[in-house]
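Q: only geometry, no sequence info:
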């Protein structure tokens with residue numbers, strides 16, 4: 001009976017491990033199903049974390065199978081007691097072999113998990129910066145993202161653009177992480193692990209996405225009432241497309257004479273105190289840079305699509321889309337609202 005139980009335990013353990021190994025590529029093949037799919041890593045840090053997670057899952061699964069099998073065997077083997085047997089089972093008051101086993105084995109497991117985790121942390125955090133590295137400073141605000149490109153001399157908001165990286169000649173993007181107010185956390189699951197942004201404590205991370213597309217993320221540290229709508233959009237582009245985007249972002253705003261009245265109202269209503277529109281007197285740094293506002297797909301850090309109607313409603317009252325946002329409702333007439341919206345719609 002004992003021999004059969006041990007054979008069943010070994011088969012059960014082997015089957016569970018094999019199932020985990022076979023399931024891994026199935027998860028990975030779900031690439032494209034969700035832009036936040038943690039089982040479809042597309043950057044070296046994300047791949048490292050994914051492999052570590054699968055390894056730990058296999059170890060923990062093996063422990064579960066062993067313990068569960070032993071419990072199942074004990075319950076099955078000794079589930080009944082003979083009615084005519086009133087004798088007590090052998091009384092064991094100590095076993096050096098058992099005590100050594102249940103002490104040494106957990107220690108070995110913990111040491112293995114510690115060393116593999118430390119290796120991944122070292123590989124990610126201490127990676128060298130090759131030539132061609134793109135550097136971006138990420139500043140988290142309640143409740144939006146500011147992206148500064150010091151290499152190129154411009155600032156944008158809410159939508160991060162980076163070049164695709166080639167495994168043969170990596171061109172990673174290094175992110176310097178800062179917070180302007182409270183604790184935030186930068187997390188794009190397919191590109192890297194969760195990294196915190198803490199006031200007065202600069203942090204860093206890097207990504208090297210290996211395919212083009214849009215990767216979505218989320219502030220993953222509760223930061224206030226609109227934490228859930230502090231979304232992240234990472235646009236991974238070919239080198240040529242990225243260079244074109246950079247060139248366009250470096251240009252000052254082109255003010256259409258037909259909306260000059262709206263531009264004047266933008267200054268008169270003190271919008272310039274919070275927002276920058278390069279090439280105009282507006283030089284505020286409290287809110288997002290609006291120089292190329294209409295080149296973005298969303299408004300309010302992914303809250304709503306960037307359409308003329310949504311833009312008008314946002315200017316009229318941002319709390320319609322984001323209750324608790326720090327942007328105040330401006331005092332505008334319908335005519336003034338239309339003029340400012342028309343002006344902002346030309347900022348491409």
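A: Sure, I can see it. Owing to the predicted nature of the structure, the values given are computational and were not obtained by experimental measurement.
Q: Have a look at this protein and report the helix or strand with the lowest mean pLDDT.
A: Lowest by mean pLDDT, DSSP states H and E among the helices and strands of the chain is helix 2-28, with a mean of 44.
Q: Tell me which helix or strand comes right after that one.
A: Downstream of helix 2-28, the first helix or strand assigned by DSSP states H and E is helix 44-77.
Q: where do the helices sit along the chain?
A: 2-28, 44-77, 96-125, 239-250, 260-268, 308-316, 334-344 (DSSP state H).
Q: Residue 157 is nearest to which of these?
A: When these are compared by C-beta to C-beta, helix 239-250 sits nearest residue 157, at 11.1 Å. For glycine as for every other residue, the C-beta is placed from the backbone atoms N, C-alpha and C.
Q: List of residues touching that closest one?
A: Residues from elsewhere that reach helix 239-250, judged by C-beta atoms under 8 Å, 6 or more residues apart in numbering: 149, 152-154, 156, 161-164, 171, 212, 237, 291-292, 295.
Q: Can you select the buried ones from those in PyMOL?
A: Per 16 or more other C-beta atoms under 10 Å, the buried members of the contacts of helix 239-250 correspond to this PyMOL selection:
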select buried, resi 149+154+156+161+162+163+164+171+237+291+292
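Q: Without its sequence neighbours, what residue ends up closest to residue 263?
A: Leaving aside its chain neighbours, residue 263 sits nearest to residue 343 (4.9 Å; criterion: C-beta to C-beta, 6 or more residues apart in numbering).
Q: wait, the one you found sits on residue 267?
A: No. Using C-beta atoms under 8 Å, residue 343 is not in contact with residue 267, being 10.3 Å away.
Q: before we move on, the earlier item: of all the helices of the chain, which lies closest to residue 182?
A: Closest of those to residue 182 is helix 308-316, at 23.1 Å (criterion: C-beta to C-beta).
Q: buried ones in that closest one?
A: Using 16+ other C-beta under 10 Å as the test for burial, helix 308-316 gives 310, 311, 312, 313, 314, 315, 316.
Q: With pLDDT and distance to residue 203 as added columns, please give the residues you listed in a markdown table.
A: Listed next are the buried residues of helix 308-316 as a markdown table, based on pLDDT from 0 to 100; distance: C-beta to C-beta, whole Å:
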| residue | pLDDT | distance to residue 203 |
| --- | --- | --- |
| 310 | 94 | 33 |
| 311 | 95 | 33 |
| 312 | 94 | 37 |
| 313 | 93 | 35 |
| 314 | 94 | 31 |
| 315 | 94 | 34 |
| 316 | 93 | 37 |
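Q: Among those, which one sits closest to residue 183?
A: Of all these, residue 314 has the smallest distance to residue 183: 26.3 Å, by C-beta to C-beta.
Q: Does the closest one touch residue 321 like I think?
A: Yes. Using C-beta under 8 Å, residue 314 makes contact with residue 321 at a distance of 6.3 Å.
Q: And the pLDDT for residue 338?
A: We note a pLDDT of 93 for residue 338 in this prediction.
Q: what about it, distance to residue 75?
A: Distance of residue 338 to residue 75, computed by C-beta to C-beta, to the nearest Å: 75 Å.
Q: Among the contacts of helix 239-250, which one sits closest to residue 223?
A: Nearest to residue 223 among the contacts of helix 239-250, counting by C-beta to C-beta, is residue 156 at 20.6 Å.
Q: picking that back up, from the contacts of helix 239-250, which two are the most distant?
A: Longest span within the contacts of helix 239-250, C-beta to C-beta: 171 and 291, 25.9 Å.
Q: Since that was my last question, I'll sign off now.
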